[in-house]
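S.K.: Provided below are the primary sequence and the corresponding predicted coordinates.
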Amino acid sequence: MFRKFLPQEVNFFELFEKQAGYAVDAAQCFKEVTARGNIDEASLNKIRLIEHQGDDAAHTIIDQLNKSFITPFDREDIFSLAKELDDVIDMINTIVSRMSVYKLSGVNKNLIEFSLVIYDSTRAVAQAVKCLRNIKNAKAVNEYCVEINRLENVGDSMRDAVLAELFDTEKDPIAVIKWKEVYQDAETVLDICEDVAHVVGNILVKQA
Amino acid sequence: MFRKFLPQEVNFFELFEKQAGYAVDAAQCFKEVTARGNIDEASLNKIRLIEHQGDDAAHTIIDQLNKSFITPFDREDIFSLAKELDDVIDMINTIVSRMSVYKLSGVNKNLIEFSLVIYDSTRAVAQAVKCLRNIKNAKAVNEYCVEINRLENVGDSMRDAVLAELFDTEKDPIAVIKWKEVYQDAETVLDICEDVAHVVGNILVKQA
Amino acid sequence: MFRKFLPQEVNFFELFEKQAGYAVDAAQCFKEVTARGNIDEASLNKIRLIEHQGDDAAHTIIDQLNKSFITPFDREDIFSLAKELDDVIDMINTIVSRMSVYKLSGVNKNLIEFSLVIYDSTRAVAQAVKCLRNIKNAKAVNEYCVEINRLENVGDSMRDAVLAELFDTEKDPIAVIKWKEVYQDAETVLDICEDVAHVVGNILVKQA
């Protein structure tokens, strides 16, 4: 009887790892796009596919949650974790999609830097999520969370510096409108990664 | 003894139907405003009245929730449903109010299209909410949710196309600032309708 | 045995009062900045310090919440209250930081007015939070919440008037971009204060 519930628990960890993996994939795709300074149909299709896969993973988690009596950690934390991971993927997809709609092309060193920090943050998120399987990993999880917080602070400073530069150097208001939004979105990705870290931190504290 | 609690349950359904009805009213008002291409004092008063009625309905639901021991479905779903329906109405009110503040007038075919999709989506939301009364309606509810998701995708594509067109054709940066915000808000209404569909979907899954 | 849990309860009230106090500090700092029409390094350091202190208070509350079995009011209300108070402080910090990044200087009567309304609202929030200690204060709490709602409406009208004026008089699109965002952020602070009032209201209703 007890065994019947156990696979359920295993599922959640697997699903979260899958979802966090899609966040890394999305960040990887964003990194490639900024390095190339050009968004072609192939990159658009790729990020859209990742976004769909992430969506499916999130829905599966929520569905399982709604059907499960026993969960490996608090229901609201499962819900929040699935939602925040989905938001990370969505926001990266939004940026790439916007760059295409706004016809922003050309290699932009600021955006490249953002994409690298975002990639590092999603990697730390994926590692933290992977460690959730075992309470013995508490210390490691905590270190990943500290790293995600650090990267969010890095992103804050970058955004401030980059926006100040934009307003100082870009005289075309239409270009200011476009780039300002993309830079602010990039920083928002790091904010959401930090939200993930908070949820993961809460899960740890409760199990300690 | 049992009967004492039953009217409570009936109340929630009625209140949600009322609230969803105000969302349709708001969408209807928005549709009229865009068709006329002009916001007069009468339409402003109308949308404000609807927004107040929606607010009252939301507060009544939350108050009842706080006072009730027995609820027809999970407390957090009641809270989310009331909140998301309120957000739909608020966002439509915000758009109409912004168009007035920004002095945006003239018939705009893009905004007319958005208003029609928004109207269809709020209608589907109202139908889905109405079906919640009876678990036998699960299939119908599901179809409405699929439709709401479809309309959100339609809205995504519309927003991308409309923003691309705006940046290609509108050379006045101030006009770009205003219309960009209104188009993005219009798409956000459809996002929130999709959030409502998710809550409704969760309620169904749990009762299945 | 019972006594062991009681100090925990006292803690939450103290922590919330501390957190609400930081919100008032942030509003006070914003008021000084707008009165002077200039953001120097000292004010930036001050608001950052307040933001860090607020962050620490919020984290302490969430940590305590995760470790506590008994709480003075519903867990989700404790979580929401900590989160919303944190958002108030964050948003004020964001505005001051943005004014610095955007190099917005000069005394602006509209922003001064906003800062006064924001200050009044955070003060009412702090009073309402202080009254939470004793259910006998229900009437006083309610009056503070009504006042916070009133100030949010005042803010709505101010924002509409101020944005209409901005679009009518400011012909530099870059200046429009900057000030529009700051004014909208200022109004958002009042929205979040209203969210705090809603949480406080829910707590009262449940205890009645």
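M.R.: Looks like it came in fine.

S.K.: use CA for all of it now, contacts and neighbours both
M.R.: OK.

S.K.: Residue A:207 contacts residue A:135, doesn't it?
M.R.: Yes - A contact is recorded between residue A:207 and residue A:135 when judged using Cα atoms under 8 Å, the distance being 7.3 Å.

S.K.: Would you mind pulling up the elements that the lowest-mean-pLDDT helix or strand in chain A packs against?
M.R.: When each helix and strand of chain A is scored by mean pLDDT, DSSP states H and E, helix A:2-36 comes last, with a mean of 84. Using 3 or more Cα pairs under 8 Å, 6 or more residues apart in numbering or on different chains; DSSP states H and E, the elements in contact with helix A:2-36 are helix A:41-67, helix A:75-101, helix A:109-131.

S.K.: pLDDT at the residue nearest the centre of chain A, what is it?
M.R.: Per Cα atoms, centre = their mean, the C-alpha nearest to the average position across chain A is that of residue A:88, at 3.1 Å. What the model reports for residue A:88 is a pLDDT of 98.

S.K.: which residues touch it?
M.R.: Going by Cα atoms under 8 Å, 6 or more residues apart in numbering or on different chains, residue A:88 touches A:23, A:189, A:192, A:193.

S.K.: Near chain B, which residues of chain A are found?
M.R.: Listed as neighbours of chain B in chain A under the rule Cα under 8 Å from any Cα of the partner chain: A:62, A:63, A:66, A:67, A:98, A:101, A:102, A:173, A:174, A:177.

S.K.: hmm, 7 Å instead?
M.R.: With the criterion set to Cα under 7 Å from any Cα of the partner chain, chain A comes near chain B through A:66, A:67, A:101, A:102, A:173, A:174.

S.K.: Just the buried subset of the residues you listed, please.
M.R.: Neighbour-count burial (16 or more other Cα atoms under 10 Å in any protein chain shown) applied to those gives A:66, A:101, A:102, A:173, A:174.

S.K.: I'd like to know which of the helices and strands packed on helix A:2-36 lies nearest to residue B:80.
M.R.: The stretch from these with the least distance to residue B:80 (Cα to Cα) is helix A:75-101; that distance is 12.9 Å.

S.K.: Now the closest one: buried residues?
M.R.: Neighbour-count burial for helix A:75-101 flags A:75, A:78-101 (criterion: 16+ other Cα under 10 Å).

S.K.: same question, stretch A:48-61
M.R.: Burial within stretch A:48-61, assessed by neighbour count using 16+ other Cα under 10 Å, is assigned to A:48, A:50, A:51, A:53, A:54, A:55, A:57, A:58, A:59, A:61.

S.K.: ok, those vs chain B, which is closest?
M.R.: Sorting these by distance to chain B puts residue A:59 at the head of the list, at 9.2 Å, by Cα to the nearest Cα.

S.K.: quick one: low-confidence ranges for chain A?
M.R.: Across chain A, residues meeting the criterion (pLDDT under 70) sit at A:1-10.

S.K.: 80 - rerun?
M.R.: Counting by pLDDT under 80, the ranges of chain A that qualify are A:1-10, A:208.

S.K.: Residue A:123 and residue A:24 touch, don't they?
M.R.: Yes - assessed by Cα atoms under 7 Å, residue A:123 is found in contact with residue A:24 at 6.0 Å.

S.K.: re the thing from before, now, which of the buried ones among the residues of chain A next to chain B sits nearest residue B:111?
M.R.: Distance ranking of those against residue B:111, using Cα to Cα, places residue A:101 first at 18.2 Å.

S.K.: of all the residues of chain A next to chain B, which two lie farthest apart?
M.R.: Distance extremes for the residues of chain A next to chain B: the farthest pair is A:67 and A:173 at 51.2 Å, using Cα to Cα.

S.K.: before we move on, back to that, same list, the buried ones among the residues of chain A next to chain B, but only the ones touching chain C.
M.R.: By Cα under 7 Å from any Cα, the members of those lying near chain C are residue A:173.

S.K.: what residues does chain A put near chain C?
M.R.: Looking at chain C, the residues of chain A close enough under Cα under 7 Å from any Cα are A:160, A:164, A:173, A:202, A:205, A:206.

S.K.: In PyMOL, how would I select the buried members of the residues you listed?
M.R.: Selecting only the buried entries of the residues of chain A next to chain C in PyMOL, with 16+ other Cα under 10 Å as the criterion:
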select buried, chain A and resi 160+164+173+202
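
S.K.: Give the buried residues for the host helix or strand of residue A:157.
M.R.: Here residue A:157 sits within helix A:138-169, counting by DSSP states H and E. Applying a neighbour-count criterion of 16+ other Cα under 10 Å, one finds A:138, A:141-142, A:144-149, A:151-153, A:155-156, A:158-160, A:162-164, A:166-167 buried in helix A:138-169.

S.K.: ok, back up a step: quick one: which of the residues of chain A next to chain B is nearest to chain C?
M.R.: Top of the list for closeness to chain C, among the residues of chain A next to chain B and by Cα to the nearest Cα, is residue A:173 at 5.8 Å.
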